[in-house]
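Undergrad: Provided below are the primary sequence and the corresponding predicted coordinates.
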Amino acid sequence: LIRLGLVQPVSTTFDGMPTIGNGSLNGPVRGGGVPLNLTGWGFGIVDLTPQVAVLPTPCEYTRWTAASSMACRVPALTPGDVARGRDMAVSVAPYRIGRRNASFSFDGPLLVNVGYPLSDCEAN
């Protein structure tokens, strides 16, 4: 008879809590577009169907590529929400959530100048 007892649980799936690395994180106001590539660590050594959110809205999809990188399709900006300084969160498994505060900004149209063509002006 052979007995095997573990004193501590062994984890071969994770190495620390998920952490979103430094860098510029932004996406289009309408959402979608080119996937946002996230780098960091602790995303799991296998694909565990992670979830990324531009809080409070989850990304349209998230794709795990490695323990240190994943991609997500950014959700659309909800009317009335703040476009800059949004928090991001990545969840790899229940209770394994990493957060990076005020790290995401939506790109939006930029109004540079408002003018009227001369043909639309009336002269008195």
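TA: Nice, thanks for sending it over.
Undergrad: Tell me the strands beside the longest strand anywhere in the chain, with direction?
TA: Across the chain, the longest stretch assigned as strand under DSSP state E is strand 96-107. In the sheet, strand 96-107 lines up against strand 25-28 (parallel), strand 86-93 (antiparallel) (DSSP bridges).
Undergrad: which stretches of the protein have low pLDDT?
TA: 1-15, 109-124 (pLDDT under 70).
Undergrad: all strands for it, in order.
TA: 19-20, 25-28, 36-41, 51-54, 57-58, 61-66, 69-73, 86-93, 96-107.
Undergrad: ends of stretch 31-40, how far apart?
TA: 22 Å (Cα to Cα, to the nearest Å).
Undergrad: Would you mark the buried spots in that stretch?
TA: By 16 or more other Cβ atoms under 10 Å, the buried positions in stretch 31-40 come out as Gly31, Pro35, Leu36, Leu38, Gly40. In this view, the C-beta of every residue, glycine as well, is placed from N, C-alpha and C.
Undergrad: swap in stretch 72-80?
TA: For stretch 72-80, by 16+ other Cβ under 10 Å, it's Cys72, Arg73, Val74, Pro75, Ala76, Leu77.
Undergrad: again, but for stretch 80-96
TA: Those would be Arg86, Met88, Ala89, Val90, Ser91, Val92, Arg96, for stretch 80-96 by 16+ other Cβ under 10 Å.
Undergrad: Perfect, I'm done here.
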